[in-house]
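1. Need the 3D shape of this:
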Amino acid sequence: MTVSIPESLTTLADDLRTAADTARDGFTDNVAELDIPGTAAGNSSGGPGLITAHASASDAASSAVGRLASVLEQDMDDIYACAFLFATTDEDAAERMRSETPRIGGIFPYNPTIDWSVYEGGR
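-> Numbers count the residues shown, from 1 in each chain. Below is the predicted model:
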């Protein structure tokens, strides 16, 4: 099985984008469920504090989900950049190898892994 690193990285980046969208959309679509009326705690002495704490927790959750989605999106961008660099580096190396490899009769490359300079008289 041949593994293509750029394609694998692109797939991973797509998965990260999906995860970021899912986290952000899932929270945004359901954040209204976290809203409670100011009278939800009744007329108890700790009621206002409970409502305030709940609102603070809801705001913190919103910030956390937003930051998580931002990190996933930044990772996605970085992985796309890596995939691009892998692909262009591979293409550049292949072209360099095609153009620099000495050929016998212009067709068949001799074994380019042999360092002929170490033999007496060179090649």
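2. Any figure for the gap between the residue nearest to the spatial centre of the chain and residue 68?
-> What sits nearest the mean C-alpha location of the chain, by C-alpha atoms, centre = their mean, is residue 76, with 2.9 Å. Residue 76 is 13 Å from residue 68, where distance means C-beta to C-beta, to the nearest Å. For glycine as for every other residue, the C-beta is placed from the backbone atoms N, C-alpha and C.
3. ditto for residue 50
-> Distance from residue 50 to residue 68, by C-beta to C-beta: 27 Å.
4. Low-confidence bits of this structure, can you list those?
-> 1-3, 101-123 (pLDDT under 70).
5. swap the cut-off to 50 and go again
-> 122-123 (pLDDT under 50).
6. Mind giving me the packing neighbours of the helix ranked longest in it?
-> Longest helix in the chain by number of residues, with DSSP state H as the criterion: helix 47-100. Under the contact criterion of 3 or more C-beta pairs under 8 Å, 6 or more residues apart in numbering; DSSP states H and E, helix 47-100 touches helix 5-30.
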